[in-house]
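> Fold the stuff below for me.
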Amino acid sequence: MNNKTLSILSYVTIIGWIIAFVKSKDLTPKSDLVRYHLKQGFGIFLVSLVINVALSIIVTIVPALYFLSYIGYVILILWIFGIINAANEQKKPIPLVGQVFEDKFSFID
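The predicted structure is shown next:
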């Protein structure tokens, strides 16, 4: 797989991220683009996991706050931004949360 494909794959579910992570270890030389999008993809996955668990608990306790579940659409839009950046081979952070993950997740390097 080439760098562009691995970058896009890093956003497609956690299974796609794992495949991209394993395949990126085989690349010679290491691709900064793939590493960057692996970090962004893993970060947005963690954000979506935490928000979905928190919202599930909140909506279970206070059903009147069901409208908060629309936050999931915001996460979907952020994920799409990441895929578009990967498809254009740009090292651009995901809006709102992407800059937080640029220097995190040292296990990816």
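> Contacts only, for the most centrally placed residue in the chain.
The residue lying closest to the centre of the chain (Cα atoms, centre = their mean) is residue 41, at 2.2 Å. Taking Cβ atoms under 8 Å, 6 or more residues apart in numbering, we find residue 41 in contact with 10-11, 17, 20, 82. All C-beta spots, glycine's among them, are computed from the backbone N, C-alpha and C.
> Which two among the residues you listed are spaced furthest apart?
Farthest-apart pair in those is 20 and 82; separation 12.4 Å (Cβ to Cβ).
> tell me, what's touching the two both at once?
Counting by Cβ under 8 Å, 6+ apart, the common neighbours of residue 20 and residue 82 are 37, 41.
> what about residue 83, neighbour count?
18 (other Cβ atoms under 10 Å).
> Next: the one 5 residues further on.
Neighbourhood size, residue 88 [other Cβ under 10 Å]: 10.
> cool, the one 10 residues further on as well?
Applying other Cβ under 10 Å, we find 20 other residues in the vicinity of residue 98.
> Pretty sure it sits against residue 40.
Yes - applying Cβ atoms under 8 Å, one finds residue 98 in contact with residue 40, separated by 5.7 Å.
> where does residue 11 sit relative to residue 89, distance-wise?
Per Cβ to Cβ, to the nearest Å, residue 11 is found 14 Å from residue 89.
> Among the two, which residue is more densely surrounded?
residue 11 (27 against 12).
> per-residue pLDDT, the more buried one?
Model confidence at residue 11, given as pLDDT, is 90.
> got it, and residue 34?
86.
> Isn't it up against residue 24?
Yes - assessed by Cβ under 8 Å, residue 34 is found in contact with residue 24 at 4.7 Å.
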